[in-house]
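> here is a sequence with its predicted model. Questions after.
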Amino acid sequence: MLGRDFVLSFNRNAYRNDTTRLRIMNDKKDQVTVTVYRASGSEVTKSNERSAIIEHHLRTTCQQTFTTGDCIVRITSVQEVRMTVLDIMDGEIFYFVIPLDKAGKEHLISTSLMYGNFTCDLITIYPATEFYFSVDSHTDVTFANKSRFCNHGKCHVPVQHENALLQLKSSKDMTGMKMTSNKPCVMSCGGVVSNGRIFTNQLPSIGMYGISYQTWPTQFQGFVSLTSRCNNTHVHVHGSSNQTIDLDHGGHTDVTVLAQEIVMISSDKPIMAIQMWSMRGVIHRLTLLPAATVNHTCADHVQPTKSPLCLCPCPNTASYSLPADLDSKLQKLRELSVNKSALSSTRRRKHSAYDGRTSAQGIGIVGVTLLCVVVIFIIVLDIPNLLEQYQAIRQNLTGNASGHFDEQCAPRFLWRRSKLIHVLKSESSAAISNADTDKGDC
């Protein structure tokens, strides 16, 4: 999970050959600041790094705090990074580190372990943080190095400093116990095995619970611990054996996961899932991140109560009446209507926008000139033919080959033309000959 601000705890009683490491995936190689605090919240060391993969041997990093308490490691970065806590020797991930922007004020404790004692680390992010616990069924819970105020099974523990540690210990499984705080905090829970080594994993806040999970395939058989947030939660498990489990608020159950098996888990209400397995005598715990989260309260999942059906007889016919002021409303709508043809947008569609740029004027002049040149060129090509046609028409009208009009011939021409028309109508060729002979030729 990507983030810019993280915090985790490391127990000072880890044995000497401990190989637990913090691995930071800094893909953008920007500055990452790693600060170590004592359990009281006082700063011990600070370092800045820019490598793509940053690893810290937690025992070496926290060795200066071994005589004064547990170790708190705060990681801040400029760009988003991804972090895991792992064991180099066993090659198995202990848990993913959840960024502080996902921290919450409500947690359900989960310390299920095959054997050993149980412990939880609560890390403050802000000063003046107050924790509240319900310890009705966990009367043997102790709060290390902190004073508590309990009344009728309700315990109140104030912590004054930020980046400080409050540790809970019990010989009984504390799974299902609820913790609330006035400010967001981080919780890691696990158990202490016989050789003194502590295995914890970071628990999500109640707001990060989901309704769909998938286990990781491991080399050895293990189980997944399911803890419910709400009452009457129905959980469906799909794996080598399918089963349905009902859980109430704070209730939990363990489901067996075979080696190399992937188990699909779904529920109708938010739950938390933690996968565990044993490898080489070491118990590993991995908080599963949900494929789908639902940041709701349990009241959001309560089915609404249906009202009883109306038993009154319904009429067979139904009448509908229009409102009395319908005409006035329609008249107002007509008054508010706009004539589209009078809109400026409509008028602008029919007018070309003026462009006074010299380049635009030059392009226009060149275009008009080309059009005119084409028309004039076509006319010039036809001028000789027009002149010849004009000469032929004039010659036909004057009867003179030279094209000049003869005053003396004009009357004769007109006479001959009328005579010719008369002869044609009578279809007498002889009359034409006599007329030509009598009047003579011009």
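Thanks, I have the structure now.
> quick one, strands of the stretch 251-400 of the chain?
Assigned by DSSP state E, counting those that start in this stretch, the strands in the stretch 251-400 of the chain fall at 252-257, 264-279, 282-287, 292-293.
> before we move on, what about the stretch 1-150 of the chain?
Assigned by DSSP E, counting those that start in this stretch, the strands in the stretch 1-150 of the chain fall at 2-10, 20-25, 32-38, 43-49, 53-57, 71-87, 92-96, 104-108, 117-124, 129-134, 142-144, 149-151.
> among those strands, which is the most enclosed?
Mean neighbour count (mean count of other CB atoms under 10 Å) peaks for strand 117-124 among the strands of the stretch 1-150 of the chain, with a mean of 24. C-beta here means a position set from N, CA and C on the backbone, and glycine is covered the same way.
> given that strand, what are its sheet partners and their directions?
Here strand 117-124 has these sheet partners by DSSP bridges: strand 165-170 (antiparallel), strand 178-192 (antiparallel).
> make CSV out of the ones you listed and add distance to T20 and mean pLDDT.
As requested, the strands paired with strand 117-124 are exported to CSV (distance: least, CB to CB, whole Å; pLDDT from 0 to 100):
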stretch, distance to T20, mean pLDDT
strand 165-170, 17, 82
strand 178-192, 12, 85
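> dump the ones you listed to a markdown table, plus distance to S266.
Listed next are these as a markdown table, based on distance: least, CB to CB, whole Å:
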| stretch | distance to S266 |
| --- | --- |
| strand 165-170 | 31 |
| strand 178-192 | 24 |
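> E130 bridge partners, please.
E130 has the following beta-bridge partners by DSSP bridges: P158.
> hmm, I typed the wrong one, I wanted L286.
Note on L286: beta-bridge partners by DSSP bridges are Q275.
> point out where the stretch 251-400 of the chain drops to low pLDDT.
Filtered on pLDDT under 70, the stretch 251-400 of the chain yields the residue ranges 280-283, 292-297, 299-324, 399-400.
> now do the helices in it.
For the stretch 251-400 of the chain, the helices defined by DSSP state H, counting those that start in this stretch occupy 326-336, 344-349, 358-398.
> one step back: what's the closest of the strands paired with strand 117-124 to L326?
strand 178-192 (57.6 Å; CB to CB).
> and the end-to-end length of stretch 157-166?
Distance across stretch 157-166, first residue to last, is 9 Å (CA to CA, to the nearest Å).
> and the contacts of it?
7, 9, 35, 37, 39-43, 69-70, 72, 74, 121-133, 143-144, 146-149 (CB atoms under 8 Å, 6 or more residues apart in numbering).
> at 6 Å instead, please
The contact list for stretch 157-166, computed with CB atoms under 6 Å, 6 or more residues apart in numbering, reads 9, 37, 39-41, 70, 72, 74, 121-124, 126-127, 129-131, 143, 146, 148.
> do the same with stretch 28-38
By CB under 6 Å, 6+ apart, stretch 28-38 touches 24, 26, 43-50, 52, 54, 61, 65, 68-69, 72-79, 163.
> quick one on the thing from earlier: rebuild the strands of the stretch 1-150 of the chain as TSV, extending it with mean pLDDT and distance to L330.
Formatted as TSV, the strands of the stretch 1-150 of the chain follow (pLDDT from 0 to 100; distance: least, CB to CB, whole Å):
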stretch	mean pLDDT	distance to L330
strand 2-10	85	59
strand 20-25	81	68
strand 32-38	85	69
strand 43-49	85	74
strand 53-57	83	73
strand 71-87	83	59
strand 92-96	60	65
strand 104-108	89	57
strand 117-124	82	67
strand 129-134	87	64
strand 142-144	73	75
strand 149-151	61	70
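> would you list these in a markdown table and tack on distance to S241?
Shown next, in a markdown table, are these (distance: least, CB to CB, whole Å):
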| stretch | distance to S241 |
| --- | --- |
| strand 2-10 | 36 |
| strand 20-25 | 34 |
| strand 32-38 | 45 |
| strand 43-49 | 47 |
| strand 53-57 | 40 |
| strand 71-87 | 30 |
| strand 92-96 | 25 |
| strand 104-108 | 26 |
| strand 117-124 | 28 |
| strand 129-134 | 34 |
| strand 142-144 | 39 |
| strand 149-151 | 43 |
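> I98: which of the strands of the stretch 251-400 of the chain is closest?
I98 lies closest, by CB to CB, to one member of those: strand 282-287, at 7.9 Å.
> about what we covered before: which one of the strands paired with strand 117-124 lies nearest to I363?
strand 178-192 (68.2 Å).
> now do G239 against L22, distance only.
According to CB to CB, to the nearest Å, G239 stands 32 Å off from L22.
> which residues are in contact with V224?
When contacts are counted by CB under 6 Å, 6+ apart, V224 touches T215, V255, V257, A273, Q275.
> quick one: which of these is most hemmed in?
For these, the largest neighbour count, defined by other CB atoms under 10 Å, is 26 neighbours, found at A273.
> the closest residue to F131 other than its chain neighbours: how many residues sit nearby?
Spatial nearest neighbour of F131, chain neighbours left out: V157 (4.6 Å); criterion: CB to CB, 6 or more residues apart in numbering. V157: 20 surrounding residues under other CB under 10 Å.
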